[in-house]
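**Q** Okay, structure incoming, though there's no sequence with it:
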């Protein structure tokens, strides 16, 4: 380690993900979320995407050597309390990131990003096995949405019982904790299925109406918020509740951008209010 001194005792975290030029998802959403929770954010960019809240018009990946250099250079000077991964794009990048994180001491949150909200593929078809074989065995938490959980398990998920089975299968296969996010589900409530050390939990709250395309980047935001709580050493239930509340509160009062919208920073009292709306039920 260098002589870098963190005089305010903020934990540092890293996001390893793609850059979103529109600012709503990816590295930009992760760093914005880290900042909200008073976590010093560092990053390793895996790809540059050309996008706005409505579309991804192109992707240029960073070389695996470039991704490796970013991670190694940051870690030489900064003691990371937690790391999260998002869009990794290719087998080569996934294998590189996995090799760099094998000696990580803090929690690793893997958000297995595969498809953008607008429908653009963010992960090459042949890279799913690389996530399964190299990255997920290192994870402390994985946070797939329903379509991603279907890809990881190879099973259709049509209801909460099947989501629970998928979460349990992932937890047992990769020896980690799992959140199957329910934002893509139907019904008046947004319900997430959690498996942690064999314990099942349902986190539910009334859905927040989406303004414009303000749900763009919510998956990134949730996993970044969870990473931030874990960087502070918060207990797992409290970390999940605050992460979910942050997403819901951000959706409730987005920033309007020329007919579109983007979730931003809810006031602290609003976050506390949404924490109280979340119902936890053991499964």
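**A** All right, it came through fine. Every value quoted in this text rests on a predicted model; they were computed, and no experiment measured them.

**Q** For the rest of this, base every contact and every neighbour count on C-alpha atoms.
**A** Will do.

**Q** where does the nearest residue to residue 278 once chain neighbours are set aside fall, helix, sheet strand or coil?
**A** The shortest distance from residue 278 to any non-neighbouring residue, by C-alpha to C-alpha, 6 or more residues apart in numbering, is to residue 205 (4.8 Å). Taking DSSP: H, G, I helix; E, B strand; the rest coil as the rule, one finds residue 205 in the strand state.

**Q** Residue 205 and residue 183 touch, don't they?
**A** No: contact criterion C-alpha atoms under 8 Å: residue 205 and residue 183 do not qualify, at 10.9 Å.

**Q** ok, the residue nearest to residue 278 - how many residues close by?
**A** Neighbour count for residue 205, taken as other C-alpha atoms under 10 Å: 20.

**Q** Please report the distance of it from residue 62.
**A** 38 Å (C-alpha to C-alpha, to the nearest Å).

**Q** what does the lengthiest helix in the chain rub up against?
**A** Ranked by residue count and defined by DSSP state H, the top helix of the chain is helix 236-252. Residues external to helix 236-252 that are found in contact with it (C-alpha atoms under 8 Å, 6 or more residues apart in numbering): 203, 207-211, 214-215, 218, 221-223, 225-226, 229-230, 262-266, 270-272, 274-275, 278.

**Q** switch to 6 Å and redo it
**A** For helix 236-252, contacts defined as C-alpha atoms under 6 Å, 6 or more residues apart in numbering pick out 222, 225-226, 229, 263-264, 266, 271, 274-275.

**Q** do stretch 97-105 as well
**A** For stretch 97-105, contacts defined as C-alpha under 6 Å, 6+ apart pick out 134-135.

**Q** For that stretch, buried residues please.
**A** Across stretch 97-105, burial judged by 16 or more other C-alpha atoms under 10 Å covers 97-98, 100-101.

**Q** starting at the chain centroid, how far to the longest helix of the chain?
**A** With C-alpha atoms, centre = their mean, to the nearest Å as the basis, helix 236-252 stands 12 Å off its chain's centre.

**Q** Give the intersection of the neighbour lists for residue 205 and residue 183.
**A** Taking C-alpha under 6 Å, 6+ apart as the contact rule, residue 205 and residue 183 both touch residue 190.

**Q** Tell me which residues of the lengthiest strand in the chain come out buried.
**A** As assigned by DSSP state E, the longest strand anywhere in the chain is strand 40-52. Neighbour counts over strand 40-52 (16+ other C-alpha under 10 Å) mark 40-49, 51-52 as buried.

**Q** Listing partners with orientation, what would you give for that strand?
**A** Neighbouring strands of strand 40-52 in its sheet, by DSSP bridges, are strand 12-20 (parallel), strand 55-61 (antiparallel).
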